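Q: predicted model follows, preceded by the sequence.
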Amino acid sequence: MASNEFDLIARYFEHQNVNRRDVALAIGDDCALLNVPAGSHLAVSTDSLVAGTHFLADADPALVAHKALASNLSDLAAMGATPAWVSLALTMPTPDEVWLRRFCDGFFALADYFNVQLIGGDTTKGPLSITLTVHGFVPEGQALTRSGANSGDWIYVTGQLGDSAAGLAVLLGEVTVADEALKATLLERHYKAQPRILAGQALCGIASSALDISDGLISDLGHILKRSQLAATVDVDKLPLSAELLAFEPELEKAQQLALASGEEYELCFTVPEQNRGTLDTALAHTGVKATCIGQLRTGTGIKLMRRDELLEWQLHGYDHFAE
Ligand code: ADP
Ligand code: MG
């Protein structure tokens, strides 16, 4: 970028509140030097957010930063990992300091909350995009993968589903919501997901598989089924829906369909063997996160949507970036 690339890095990224003891060398050299605790795997995940695709170019930079970091931390949560470090590759058309200041406000507020240190990155000129790589630790042999599920395991989701899609519809002007408070809540739910870090950690040793809901439950649950070579039945009446979603979409069937397809929820979907269900309730009670059982794994392929004993013929799709 322009000659003031180094000034920008020094001004906005070098100084922060989190200074972790496992960082031997932070921002400023050719590489960061980091120490992984003995007995832990290093869990690493990258996500990119591109203006116009994942957020509107004129969106509040603090909200965009929150969304970028939250979606990355959510991947660590889905493995049961504890976040530690993040690197940031930022591409901007111009060195816009007003934008950067707001971006850093949102970014460091969430990073500080989870004790995550920014340990490096890259700053370049081009169309606005944000790529983060998060790093965390998970005790060896404890990570929650997509492939460990068995027939008979119960399917759970944390929190409530559908609010993010409702917020996005409001944001894109596809729907008008007259109630200003409702509108604000839905927008907040879209932008300010809370990564389920504590819940993910609590699930280690209890859940047989897990992932985070980024493309919609119907699509993401499909990943567990594929990796574990199983089928699922989901009772749509069990889907956890918020009062706000039902105010936004009073028709129950449509609200349930939104909940099934809504991406960018960043809730966890996980499976639990029958014998661990009691332990699950105790483990989650400490995290303050509610989980709801929505169905069960079976042998076979595909997802059967049920309303009690009735098989539903709903055609639903999650989000696919390359879909025509
Ligand atoms: P190099 O030329 O070796 O790639 P850079 O000039 O890109 O180095 O970066 C200098 C230092 O600043 C490096 O330590 C790099 O990790 C850090 N850095 C660059 N951009 C960012 C950013 N957006 N956020 C955090 N650290 C950054
Ligand atoms: Mg560089």
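A: Good, I have the coordinates. Ligands and ions are numbered 1, 2, ... in the order given.

Q: just checking, residue 300 touches residue 229?
A: No. Using C-beta atoms under 8 Å, residue 300 is not in contact with residue 229, being 9.4 Å away. From N, CA and C alone the C-beta is placed, and that goes for glycine too.

Q: not counting sequence-adjacent ones, nearest residue to residue 119?
A: Nearest non-adjacent residue to residue 119, counting by C-beta to C-beta, 6 or more residues apart in numbering: residue 32, 4.0 Å away.

Q: got a list of what the closest residue to residue 312 other than its chain neighbours touches?
A: Leaving aside its chain neighbours, residue 312 sits nearest to residue 305 (4.3 Å; criterion: C-beta to C-beta, 6+ apart). If a contact means C-beta atoms under 8 Å, 6 or more residues apart in numbering, then residue 305 has 233, 234, 236, 260, 311, 312, 314, 316 as its contacts.

Q: quick check, pLDDT for residue 60.
A: Looking at residue 60, its pLDDT stands at 96.

Q: gap between it and residue 265?
A: 20 Å (C-beta to C-beta, to the nearest Å).

Q: quick one: low-confidence parts of the chain?
A: 1-3, 318-324 (pLDDT under 70).

Q: just to revisit the earlier point, what about the residue nearest to residue 119, how many neighbours?
A: By other C-beta atoms under 10 Å, 19 other residues sit near residue 32.

Q: domains of the protein?
A: Domain assignment for the chain by automatic domain parsing gives 5-139, 154-311.

Q: out of the ones you listed, which gets nearest to residue 146?
A: domain 154-311 (4.2 Å; C-beta to C-beta).

Q: how about the residues of the stretch 1-150 of the chain by ligand 1?
A: Contact residues (C-beta under 6 Å from any ligand atom) of the stretch 1-150 of the chain with ligand 1: 9, 13, 27-30, 88, 90, 118, 120-123.

Q: just those now: which is nearest residue 220?
A: residue 88 (25.7 Å).

Q: strands of the stretch 101-250 of the chain, start to end?
A: Ranges of strands in the stretch 101-250 of the chain, per DSSP state E, counting those that start in this stretch, are 117-125, 129-139, 154-158, 209-212, 231-235.

Q: in PDB, list the C-alpha atoms belonging to the last one.
A: In other words, strand 231-235. The C-alpha trace of strand 231-235 is given here as PDB (Å, rounded to 0.1, in the frame of the first residue of the first chain):
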ATOM      1  CA  ALA A 231     -29.200 -39.900   8.000                       C
ATOM      2  CA  ALA A 232     -31.200 -37.700  10.300                       C
ATOM      3  CA  THR A 233     -34.800 -37.000  11.300                       C
ATOM      4  CA  VAL A 234     -35.500 -33.500  12.500                       C
ATOM      5  CA  ASP A 235     -38.800 -32.500  14.200                       C
END
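
Q: tell me the angle of it relative to strand 154-158?
A: When axes from the mean of the first three to the mean of the last three C-alpha atoms, to 10 degrees is applied, the directions of strand 231-235 and strand 154-158 differ by 60 degrees.

Q: name the surrounding residues that touch strand 231-235.
A: 155, 221, 225, 260, 294-308.

Q: before we move on, the earlier item: settle it for me: which of residue 60 and residue 265 has more neighbours?
A: Legend: neighbour count by other C-beta under 10 Å for residue 60 and residue 265, higher for residue 265 (28 against 16).

Q: contacts only, for the residue nearest to the more buried one when sequence neighbours are not counted.
A: Spatially, and ignoring its direct neighbours in sequence, residue 265 is nearest to residue 213 (4.3 Å; C-beta to C-beta, 6+ apart). Residue 213 makes contact with 157, 161, 220, 262, 263, 265, 266, 267, 268, 269 under the criterion C-beta under 8 Å, 6+ apart.

Q: out of these, which are inside helices?
A: residue 220 (DSSP state H).

Q: for the contacts of residue 213, which one is nearest ligand 1?
A: residue 266 (22.8 Å; C-beta to the nearest ligand atom).

Q: I'd guessed the closest one sits against residue 70; true?
A: Yes. Counting by C-beta under 8 Å, residue 266 does reach residue 70; the two are 6.1 Å apart.

Q: which neighbours do those two share?
A: Common neighbours of residue 266 and residue 70 (criterion: C-beta under 8 Å, 6+ apart): 193, 194, 195.

Q: mind putting those into JSON lines with distance to residue 166 and neighbour count?
A: Converted to JSON lines, these look like this (distance: C-beta to C-beta, whole Å; neighbours: other C-beta atoms under 10 Å):
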{"residue": "193", "distance to residue 166": "13", "neighbour count": "24"}
{"residue": "194", "distance to residue 166": "17", "neighbour count": "19"}
{"residue": "195", "distance to residue 166": "20", "neighbour count": "26"}
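
Q: okay then, goodbye and thanks.
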